[in-house]
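In: Need coordinates for the below:
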Amino acid sequence: MRKKMKIIVAIIAVFAVSLSAVAIATDSDDTDGAWIPPASVYNVSDQEFKAPWKMYSMSLPVPSLGIDISDPDLCTVSGAPWLSIITLRSDRLVVGGTITSEGTYDIEVEVPKLYGGIQKWVWKIVAVDPYKDTTATKIIELTEDRVIIPKDYRQYIGAKSDGLIDNPQLYTVSGAPWLKITKIMNGRMVLDGEVTIEGSYYISVKGPTNNGADTTEWRWKVVAVKPTQTNDIVLSIMEDNVKIFSKQTLVKNKVTLPTMVSTETKIFNGYYTAEYGGIKVADSGDVYTPTGSMTLYAIWTTLHKVNFDVNGKTGNGYDNSIHTLMIADGGAIVLPNLACEGYEFKGWREGSTTGEFYEPNATYIVDESVTLYADWTKKSTSGVNIWVKIGLCALVVVVCVIAPYAVLAISSCFLMTSSSVLVSIGATMAVHGASIVGAVGSMGGNIISYIAYEL
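Out: Down below sits the predicted model:
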């Protein structure tokens, strides 16, 4: 009997303790008076990403007790306005979104449990600007590329004016582990790689230049996406080994090509299927319908000025002004042969008095703008006969000009009946830098008195 009494007392005591626990729970601060089990918290590893415009997703495993998916609106996501629930299943929860700006985001995801309480996941996302930390003294922004994976990707950077050094080891490539420098030639760098994983790649190439800048950085963005349709294509346009246009479209969709403006020294020829020997498919600003992923090439003709300076002379068919021709780069011209009274035309020089010499009618290849100067030599008289009476004999005195000296020679003697002095001068001559302006005088009508010169 005593043993039964002890069991009854123990049961009453346990019941009293249970009532006390309920009373304590009822007196809690919860507004609706209901007791809420504590939340189960799972700490997810912190993550760092390049922002902005990073596509982000996170798959969260659901614990064995399961979660209540009867009402998806009960699931909450906080800490990042761009993050939301994408998939809600009994075995996993997927959240995702696009990171729109840099910053630190403390993420919390809460889902009610099937048997009461809250399931919570917490973690931190650090989004940083991939271009914010740079020591480059000169930054060159390139056009963003959009590629459909898998894709063999190639990029050309640099120009002769940038002063790239022909040593790939001096340059670093970051932002895309699949991209490598293959060569540097004639001031241009070629990078190649195969894009197989979708995502946004913020690519940076840094290195020295020999044009005065300590460091130059080329940077651009490559967006790699999976094909959404089997007929997705990409139309690209190259100009001087640099991609100037890229557009994703669909087969048979029309694309308006960029407008190109010709200048005095550069003429736009059109868009071709190859850089050399291609077929022309469109002109500037045309609407073009690509038949598949392809690259078009913007082809230009560079013109050079060829100035002909005749050095102040005037002749048949030309005056003393400077005559100009516009010749395509690499074009050939035949140098003209000029004539001017009193002068002999020798040819053309690339300098007014010095420089490389070209004979008349020579073929000249034009690879830059140039001024050619006419090279002239003044013509001289071969001889002058002077007839002089000396008694009954006449001496024929020949003044022979062998530039730049004059030589006098007596050629013959003739009988004369007249006492007058006969003078025959064919033309004014150059004699060692002077000109004969007078001829002979007389002394008693018999001998040469003087020959006058103008210095």
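
In: quick one, helices of the stretch 1-150 of the chain?
Out: In the stretch 1-150 of the chain, the segments counted as helices under DSSP state H, counting those that start in this stretch are 2-26.

In: In the stretch 301-450 of the chain, where is pLDDT below threshold?
Out: Counting by pLDDT under 70, the stretch 301-450 of the chain shows low-confidence ranges at 316-317, 381-450.

In: Just give the closest residue to residue 58, not the sequence neighbours.
Out: Once flanking residues are discounted, residue 58 sits nearest to residue 95: 5.3 Å by CB to CB, 6 or more residues apart in numbering. Where C-beta positions appear, they are placed from N, C-alpha and C, glycine not excepted.

In: tell me which residues form a beta bridge with the one you found?
Out: Beta-bridge partners recorded for residue 95 (DSSP bridges): residue 58, residue 85.

In: And residue 47, by the same measure?
Out: On the basis of DSSP bridges, residue 47 is bridged to residue 125.

In: please begin residue numbering at 139 from this point
Out: Sure, I'll start counting at 139 from here, so that last one is residue 185.

In: can you count the residues close to it?
Out: The burial count assigned to residue 185 is 14, neighbours taken as other CB atoms under 10 Å.

In: Verify the stated contact: it with residue 245.
Out: No - if you go by CB atoms under 8 Å, residue 185 and residue 245 don't touch, sitting 9.5 Å apart.

In: and for the two, which residues touch both?
Out: Between them, residue 185 and residue 245 share these contacting residues under CB atoms under 8 Å, 6 or more residues apart in numbering: 261-263.

In: check contacts around the spatially closest residue to residue 371 that is not a sequence neighbour.
Out: Nearest in space to residue 371, with sequence neighbours left out and distances taken as CB to CB, 6+ apart, is residue 431 at 4.3 Å. Contacts for residue 431 (CB under 8 Å, 6+ apart) come out as 286, 371-373.

In: Got a quick ChimeraX command for the buried subset of the residues you listed?
Out: Buried residues within the contacts of residue 431, as defined by 16 or more other CB atoms under 10 Å, are selected in ChimeraX through the command that follows:
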select :286,371,372,373
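
In: Can you name the two of the contacts of residue 431 that sit furthest apart?
Out: Spatially, the most separated pair among those is 286 and 373, at 12.1 Å (CB to CB).

In: Quick one: mean pLDDT over stretch 401-410.
Out: Throughout stretch 401-410, pLDDT has a mean value of 92.

In: quick one: contacts of that stretch?
Out: When contacts are defined by CB under 8 Å, 6+ apart, stretch 401-410 is touched by residues 375, 395, 398-400, 416-422, 424, 426, 434-443, 464.

In: mind listing which of the residues you listed are in strands?
Out: Of those, the ones assigned to strands by DSSP state E are 375, 418-420, 426, 434-443, 464.

In: Mind checking which of the residues you listed are buried?
Out: Members of the ones in strands among the contacts of stretch 401-410 that pass the buried threshold by neighbour count (16+ other CB under 10 Å) are listed as 375, 419, 434-438, 441-442.

In: from these, which two are the most distant?
Out: When these are compared pair by pair using CB to CB, the two farthest from each other are 419 and 442, 27.9 Å apart.

In: Check the secondary structure at residue 307 for me.
Out: Using DSSP: H, G, I helix; E, B strand; the rest coil, the three-state assignment for residue 307 comes out as helix.

In: Could you count how many residues lie near it?
Out: Around residue 307 there are 8 residues (other CB under 10 Å).

In: Could you do residue 295 as well?
Out: Neighbours of residue 295 (other CB under 10 Å): 24.

In: How about it: what's its closest non-neighbour residue?
Out: In space, residue 295 comes closest to residue 356 once its chain neighbours are excluded; the distance is 4.6 Å by CB to CB, 6+ apart.

In: what's the distance between the one you found and residue 460?
Out: For residue 356, the distance to residue 460 under the criterion CB to CB, to the nearest Å works out to 43 Å.

In: These two - which one has more neighbours?
Out: In this comparison of residue 356 against residue 460, neighbours counted by other CB under 10 Å, the higher total goes to residue 356 at 24 against 10.

In: That one should be in a strand, yeah?
Out: Yes - assessed by three-state DSSP, residue 356 belongs to a strand.

In: quick one: it from residue 282, how far?
Out: Counting by CB to CB - residue 356 and residue 282 are separated by 13 Å.

In: Could you check how far the residue nearest to residue 371 is from residue 480?
Out: If you measure residue 431 against residue 480 using CB to CB, the figure is 70 Å.

In: Count the residues that sit near the nearest residue to residue 504 once chain neighbours are set aside.
Out: Here the nearest residue to residue 504 in space, its sequence neighbours aside, is residue 465; by CB to CB, 6+ apart that works out to 4.3 Å. By the criterion of other CB under 10 Å, residue 465 has 18 neighbours.

In: Over to residue 495?
Out: 13.

In: for the one 10 residues further on, same thing?
Out: With neighbours defined by other CB under 10 Å, the count for residue 505 comes to 11.

In: In which helix or strand does it reside?
Out: Assigned by DSSP states H and E, residue 505 falls within no helix or strand.

In: Could you list the low-confidence segments of the stretch 239-388 of the chain?
Out: Judged by pLDDT under 70, the stretches of the stretch 239-388 of the chain that qualify are 267-274, 349-351, 366-369.

In: thinking again about what came up before, looking at the buried ones among the ones in strands among the contacts of stretch 401-410, spot the one nearest residue 305.
Out: Nearest to residue 305, judged by CB to CB, of these is residue 435 at 28.8 Å.

In: Run a quick neighbour tally on residue 423.
Out: 11.

In: swap in residue 395?
Out: As a burial measure, residue 395 scores 21 neighbours (other CB under 10 Å).

In: before we move on, what about the one 10 residues further on?
Out: Using other CB under 10 Å, the number of residues around residue 405 comes to 15.

In: ok, it to residue 325 distance?
Out: When distances are taken as CB to CB, residue 405 and residue 325 turn out to be 24 Å apart.

In: Likewise for residue 286?
Out: Using CB to CB, which is the criterion applied here, residue 286 is 31 Å from residue 325.

In: which residues touch the residue nearest to residue 295?
Out: By CB under 8 Å, 6+ apart, the contact set of residue 356 is 278, 280, 295-296, 342-343.

In: List the contacts of stretch 496-509.
Out: Contacts of stretch 496-509 with the rest of the structure, by CB under 8 Å, 6+ apart, involve 442-447, 460, 465-476, 483-488, 510.

In: could you flag which of those residues are buried?
Out: So, of the contacts of stretch 496-509, 442, 444, 446-447, 465, 469, 473-474, 476, 483, 485-487, 510 end up buried under the neighbour-count rule (16+ other CB under 10 Å).
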